[in-house]
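**Q** with the sequence up front, the predicted model follows.
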Amino acid sequence: MHPRSTRRPVRRAVLGALGACAALAGCLSVPERPAPMCKLDADCDGGEVCEEGVCWGNPPNAMFAAVISPPSTRHDEVPRELPPFTINQDGQLGTLQLDPPVLLNGRVIAFCAQPTVDCDTTPIGATVTVSRSSQFHGGPGFKAIVNVESGAESFSIPVPATGPGDAPYTVTVAPDGARPLGATNSGPSPAEQVPPLRMQVSLAASTAVKTIELGGQGLPTISGNLGNVLGQGLGGYRVSALGRWDASEPATEVSTVAFTDATGNYTLTLSDGLVGTVELVARPMGSSQVPSMIGAVAPTFHLANIDALRSSTGRNIVTPVNLGNATTVKVVVSGVDLNGAITKVRGAVVSASGSLVDKLTSYTVADEQVTDDKGEVTLHLLDGAGIAGSYRMSIAPPASSKLSATFNQKITVLPAAMSVPVAIQLGARIALSGVVVDSAGVPLENVAVTARPSLRFLWSLDPAPQAFVSGLPVATDVTVPGTGVFVVWVDAIVDQVWGQYDLMIEPPITTRAPTYVKTVDFPRSATLDAYSVGNVTLPGVAYVHGQVNDSTGAPLEGAELKLYLTDPSADLCTEVAHAPASCPIPAQLQARNTSDTKGIVRLVLPRP
């Protein structure tokens, strides 16, 4: 690698100033084109080539991988991953051609135990998910999801062909278990009688339409009853089992779906190929679906540690008497604005939940509402002694809010006659600021700056706050013209864990500046209300380009090319307390852009 020479006159490629008429009403001004960097190869550093007024080449000495994605309008094309490669010294990526897709064709039906006796072979509705791990470490991989309508004779999903040494596709077929409104007392639909299916498929060529039969003989079942202490059944519950086909994956629904009637009885059939145990989850259906539950507050039941490979009966759950009765909690959310005035917070998401645990069974009551113009919500909960002391509340401010989030705050829940409003005043977030400058120290304008919680921050949190922080809207800003200043508002601490953020800095393509990520740690101070990172100097750049063609060899406009640095370090996995079992460290995105009308794609790579 060679630093760009300062001995040759090279004109800096920055965004031109807006025209003089920009301040006049009705006058449109557009950015000027960047000034040429060169006229001849001699104006560039060694190994670089002058084309289009740009010195192409002298790329970083590193291994890159790429993903080419067709435009959304080209349903006949599929993404292509390019395994690790080095970039030519002249910056040429060459011809980047999409491969012809192959088609996964199929139809979904429910298993019939006695095919000769009045079996319904009408195709059922289902969600088909096709996924495959990336061909390079930390890459995005491939995933496609198709919703198949009930009665559809076939579906067709285009996917990249499976080559020698490629991992097979994982195909998950989940039947449509949704029940029409008011249909609680009707018999089960075919989709409710069969569990999901997981299978591995290699596709070197398009398949003929394959019948995918969900369910089968000998699959494990779980049966039992939901009731109260008076021996009455509980109707209006949706019952299913959560489990895994792969121990390293998050739990997902792996059974048929049962809807209880007045008897409270249920029976589930588990999927084949499961590992470990499953958890039975019974959720009360919405009042619009079950008229008898209008105005009711009902717990969700969780029954854990059920063997996924054996049938079991008598899995009965009885609602404890100490869950109490329905009550309401009015919550008023306010915050301090930049002028020091206390104002009501509109659009904040307020959620509260409590639970009662009895051995392997737990009973959870939760509600979530969004604050109105007065900053108010009314939560619907249960007031019993067995659960009232367990309630915790979290508040997620609206996007771009300068107010901090609140996680897992204890609240008091009283009987309806004694209930009093709960006033919550949100604190201020940290004003994280800085100045984005290019490698020569010149401030850059119109640069998008996004602050995302770093993996180290997220994986230092327990699973519940980790999910909460992951769900918060990300903080964004655009640098100020003339100064390059940005300000994003972030939470300094969540659940006693200090925040760490990755600043994703994405300049406009016209600046010829690279995408860059800066990780920011705060000083550990409870009084901190603002923190400046000073100048964020973007690294030097290397310009590369290539030709994107579709699978027929024709130039492809609007295709996106992403370049990644490969082999991200996995050291973090052993340095944090709550990394996922598979510890997926994402590959480092270095540059992305879309191809022009001639299929040419131009990218700006950062130098180390």
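**A** It's in.
**Q** which residue is the nearest non-sequential neighbour of residue 38?
**A** Distances taken as CB to CB, 6 or more residues apart in numbering put residue 50 closest to residue 38, at 4.0 Å, once the chain neighbours are dropped. Where you see a C-beta, it was placed from the backbone N, CA and C, and this is true even at glycine.
**Q** show me what the biggest helix by length in the chain is packed against.
**A** Across the chain, the helix with the greatest residue count (assigned by DSSP state H) is helix 463-471. Under the contact criterion of 3 or more CB pairs under 8 Å, 6 or more residues apart in numbering; DSSP states H and E, helix 463-471 touches strand 392-396, strand 406-410, helix 455-458, strand 493-494.
**Q** can I get those in a markdown table including mean pLDDT?
**A** Shown next, in a markdown table, are the helices and strands packed on helix 463-471 (pLDDT from 0 to 100):
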| stretch | mean pLDDT |
| --- | --- |
| strand 392-396 | 97 |
| strand 406-410 | 95 |
| helix 455-458 | 96 |
| strand 493-494 | 94 |
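**Q** save these as a markdown table, and put in mean neighbour count and distance to residue 305 too.
**A** Compiled in a markdown table, the helices and strands packed on helix 463-471 are given as follows (neighbours: other CB atoms under 10 Å; distance: least, CB to CB, whole Å):
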| stretch | mean neighbour count | distance to residue 305 |
| --- | --- | --- |
| strand 392-396 | 20 | 24 |
| strand 406-410 | 16 | 25 |
| helix 455-458 | 20 | 28 |
| strand 493-494 | 20 | 30 |
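**Q** got the domain ranges for the chain?
**A** Residue ranges for each domain of the chain read 1-56, 58-99+541-608, 100-217, 220-319, 326-426, 430-539, as given by automatic domain parsing.
**Q** worst average pLDDT in the ones you listed?
**A** Of all the domains of the chain, mean pLDDT reaches its minimum on domain 1-56 (a mean of 58).
**Q** sorry, back to before: so how far is residue 36 from the residue nearest to residue 38?
**A** The gap separating residue 50 from residue 36 is 9 Å, by CB to CB, to the nearest Å.
**Q** and these two? which has more neighbours close in?
**A** A direct count of neighbours by other CB atoms under 10 Å for residue 50 and residue 36 places residue 50 higher, at 18 against 15.
**Q** hang on, isn't the more buried one packed against residue 57?
**A** No: at 9.7 Å, residue 50 does not count as touching residue 57 under the criterion of CB atoms under 8 Å.
**Q** shared neighbours, those two?
**A** In terms of CB atoms under 8 Å, 6 or more residues apart in numbering, residue 50 and residue 57 are both contacted by the residues residue 44.
**Q** hmm, back to that, residues in a beta bridge with the residue nearest to residue 38, which ones?
**A** Beta-bridge pairing of residue 50 under DSSP bridges involves residue 55.
**Q** ok, now which ones touch it?
**A** 37, 38, 39, 40, 41, 43, 44, 56.
**Q** in PyMOL, select just the buried ones from these.
**A** Per 16 or more other CB atoms under 10 Å, the buried members of the contacts of residue 50 correspond to this PyMOL selection:
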select buried, resi 37+38+41+43+44+56
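**Q** need the contacts of residue 50 in a markdown table with distance to residue 128 and secondary structure, can you?
**A** Below are those laid out as a markdown table (distance: CB to CB, whole Å; DSSP: H, G, I helix; E, B strand; the rest coil):
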| residue | distance to residue 128 | secondary structure |
| --- | --- | --- |
| 37 | 49 | coil |
| 38 | 52 | coil |
| 39 | 55 | coil |
| 40 | 56 | coil |
| 41 | 53 | helix |
| 43 | 55 | helix |
| 44 | 51 | coil |
| 56 | 43 | strand |
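**Q** how about the contacts of residue 50 in JSON lines, adding distance to residue 489?
**A** Below are the contacts of residue 50 laid out as JSON lines (distance: CB to CB, whole Å):
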{"residue": "37", "distance to residue 489": "37"}
{"residue": "38", "distance to residue 489": "42"}
{"residue": "39", "distance to residue 489": "46"}
{"residue": "40", "distance to residue 489": "48"}
{"residue": "41", "distance to residue 489": "47"}
{"residue": "43", "distance to residue 489": "44"}
{"residue": "44", "distance to residue 489": "42"}
{"residue": "56", "distance to residue 489": "40"}
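**Q** just name the closest of the contacts of residue 50 to residue 281, please.
**A** Residue 281 has its nearest neighbour among the contacts of residue 50 in residue 56, at 56.6 Å by CB to CB.
**Q** what about the closest one, distance to residue 445?
**A** Residue 56 is 25 Å from residue 445, by CB to CB.
**Q** got it, and residue 484?
**A** 6 Å.
**Q** next: residue 144.
**A** Look at residue 144 and residue 445: by CB to CB, they are 39 Å apart.
**Q** more neighbours: those two, which one.
**A** Higher neighbour count among residue 144 and residue 445: residue 445, with 21 against 16, using other CB under 10 Å.
**Q** that one contacts residue 482, correct?
**A** Yes: counting by CB under 8 Å, residue 482 is a contact partner of residue 445 at 6.5 Å.
**Q** follow-up on the earlier one: just the buried residues of the longest helix of the chain, please?
**A** So, applying 16+ other CB under 10 Å, buried residues of helix 463-471: 465, 466, 468, 469.
**Q** what of stretch 599-608?
**A** Of the residues in stretch 599-608, those buried (16+ other CB under 10 Å) are 599, 601, 602, 603, 604, 605, 606, 607.
**Q** likewise for stretch 414-428?
**A** For stretch 414-428, by 16+ other CB under 10 Å, it's 419, 422, 424, 426, 428.
**Q** just stretch 212-228 next, same as before
**A** For stretch 212-228, burial by neighbour count (16+ other CB under 10 Å) applies to 212-215, 219-227.
**Q** that one: end-to-end distance?
**A** 40 Å (CA to CA, to the nearest Å).
**Q** equivalent analysis for stretch 522-539, please.
**A** One end of stretch 522-539 to the other measures 23 Å (CA to CA).
**Q** mind putting the helices and strands packed on helix 463-471 into TSV with distance to residue 92?
**A** Shown next, in TSV, are the helices and strands packed on helix 463-471 (distance: least, CB to CB, whole Å):
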stretch	distance to residue 92
strand 392-396	47
strand 406-410	50
helix 455-458	34
strand 493-494	46
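**Q** so which of these comes closest to residue 124?
**A** Per CB to CB, nearest to residue 124 of the helices and strands packed on helix 463-471: strand 392-396, 37.3 Å.
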